[in-house]
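A.B. asks: quick one, fold the following:
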Amino acid sequence: MKKVVAGGIMSGTSLDGVDAALIEISSNGIQTLAFHSRPYPPEIRAALLAVSNCDTHTRDIARLHFLLPELYAAAFQQLCKKAKVDPAGVAVLGCHGQTIYHEGDPAPVLGHRIASTFQIGDGSVLAARTGVPVVSDFRPADIAAGGKGAPLVPYVDYLLFHGENESRVALNIGGIANITWIPAGAPPEKVVAFDTGPGNMVVDQLIAHYSGGERTYDESGAMAAEGMVHPEIVAELLTDQFFRQKPPKTAGREQYGREFVAALLSRNLSPADTVATATYFTAAAIAEGITRFAGGEDDPPAQVIVSGGGVHNKTLLRFLRAELPESEVLRSEVVGIDADAKEAIAFAVLAHETLNGRPANLPAATGAKHPAVLGKICQP
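C.D. replies: Residues are numbered from 1 along each chain as shown. The predicted model follows:
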């Protein structure tokens, strides 16, 4: 297999910005060439929040749909400059786009039951601005095949982390937390993957509320570390039927957005206690998913490999280690994958598969009836 350079762009449910990665794919595996992160300006983040799972105007959605690829293209160009790579040498660019609505389970709509998802950020504009073929809109093909449209990263988790002698969980803590359980020596069809519940989303919203929008995340988990966890509230939140529901399953801003945060605030705890309790709930929800559906108490995973923005929250990782004493919880850098870059890397790999006509969903993870080639290819 000759070496192929591919790019990936990810902007997740945390709405913190654009992550871009450049990788080289060869017979030796996947090598990261460069990573670049570009935060959203505050006014764009606010505009995206205003169209995410809420009443809005189609004009605002359409405008953002065409604005975002301009930002993505700028991030890609900075990435290539950083890597000293000519964009003309990049075979394909995978772009996840910005999710503004995701409903993986069919809901009643005008006499029908429909699952739906919507990511904005037009691929044709991005291809025109970069001069590179773009694969975007990855999730609908899986939904069309009867899946939930998520999670899609498990295909890449398996390539990166499967091992013959020990079981592993790949945990990504973005706005939503999701896991991929890879039993020792397992083939891809034995992989189990699903969303466990909130990742950074609830804590981020609380920090924005308490700081009047001046801060959007709990840096290093400092505020959570100052507070006291209220275990009775964590236990109550964990009674939600979502945590007992068997995979495949997905979560999003629909479950853990404004209404969820408003209910937490109505409990009238101190700000530090509220953030500490929400942080522990996040860790406990992840652990609950692993214990119930990823090996269980009798066969806990040897390693939990953590990526995503949540790795920077030291208090969250401390809580997670307390909840998973039988597993080694480590950042993905330990196994050679930049924790911030992993999802951008994943969409570069998925785009490469699409360009070659290969299915890249895992039906065991998404619930699809069959494998599907993901995304739509836009030529420059």
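
A.B. asks: which residue ranges of the stretch 251-380 of the chain form strands?
C.D. replies: 303-307, 328-331, 376-378 (DSSP state E, counting those that start in this stretch).

A.B. asks: the shortest one pairs with which strands?
C.D. replies: If I follow you right, that is strand 376-378. strand 134-136 (antiparallel) (DSSP bridges).

A.B. asks: any chance of the strands of the stretch 251-380 of the chain in TSV with mean neighbour count and distance to residue 135 as columns?
C.D. replies: The way it works is simple: take the backbone N, C-alpha and C, and place the C-beta from them, glycine included. Below are these laid out as TSV (neighbours: other CB atoms under 10 Å; distance: least, CB to CB, whole Å):
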stretch	mean neighbour count	distance to residue 135
strand 303-307	25	22
strand 328-331	16	29
strand 376-378	17	6
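
A.B. asks: which one of the ones you listed lies nearest to residue 145?
C.D. replies: For the strands of the stretch 251-380 of the chain, the distance to residue 145 is smallest for strand 376-378, at 15.0 Å, taking CB to CB.

A.B. asks: any idea how far the closest one is from the chain center?
C.D. replies: Relative to its chain's centre, strand 376-378 lies at 21 Å (CA atoms, centre = their mean, to the nearest Å).

A.B. asks: with stretch 218-235 instead?
C.D. replies: Worked out by CA atoms, centre = their mean, stretch 218-235 lies 23 Å from the chain centre.

A.B. asks: contacts for it, please.
C.D. replies: Residues outside stretch 218-235 that contact it (CB atoms under 8 Å, 6 or more residues apart in numbering) are 203-204, 207, 210, 267, 269-281, 284, 312-318.

A.B. asks: got the residue ranges for the helices in the protein?
C.D. replies: Counting by DSSP state H, the chain has helices at residues 42-49, 58-83, 123-130, 139-144, 154-161, 201-210, 222-226, 231-237, 253-256, 258-265, 271-293, 314-323, 342-355, 363-366.

A.B. asks: let's have the strands of the stretch 251-380 of the chain in a markdown table, adding mean pLDDT and distance to residue 225.
C.D. replies: Shown next, in a markdown table, are these (pLDDT from 0 to 100; distance: least, CB to CB, whole Å):
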| stretch | mean pLDDT | distance to residue 225 |
| --- | --- | --- |
| strand 303-307 | 96 | 18 |
| strand 328-331 | 96 | 17 |
| strand 376-378 | 98 | 44 |
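
A.B. asks: and these as TSV, adding distance to residue 235?
C.D. replies: TSV is the format used below for those (distance: least, CB to CB, whole Å):
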stretch	distance to residue 235
strand 303-307	22
strand 328-331	22
strand 376-378	44
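
A.B. asks: quick one on the thing from earlier: pick the most deeply packed of the helices of the chain.
C.D. replies: Of all the helices of the chain, helix 342-355 has the most neighbours on average by mean count of other CB atoms under 10 Å, namely a mean of 26.

A.B. asks: any idea of the angle it forms with helix 58-83?
C.D. replies: 100 degrees (axes from the mean of the first three to the mean of the last three CA atoms, to 10 degrees).

A.B. asks: which residues touch residue 104?
C.D. replies: 115, 117, 143, 147, 148, 149, 150, 248, 249, 250.

A.B. asks: tell me how far the closest residue to it other than its chain neighbours lies from residue 266.
C.D. replies: Nearest residue to residue 104, sequence neighbours excluded (CB to CB, 6 or more residues apart in numbering): residue 148, at 3.1 Å. Remark: distance between residue 148 and residue 266 (CB to CB, to the nearest Å) = 31 Å.
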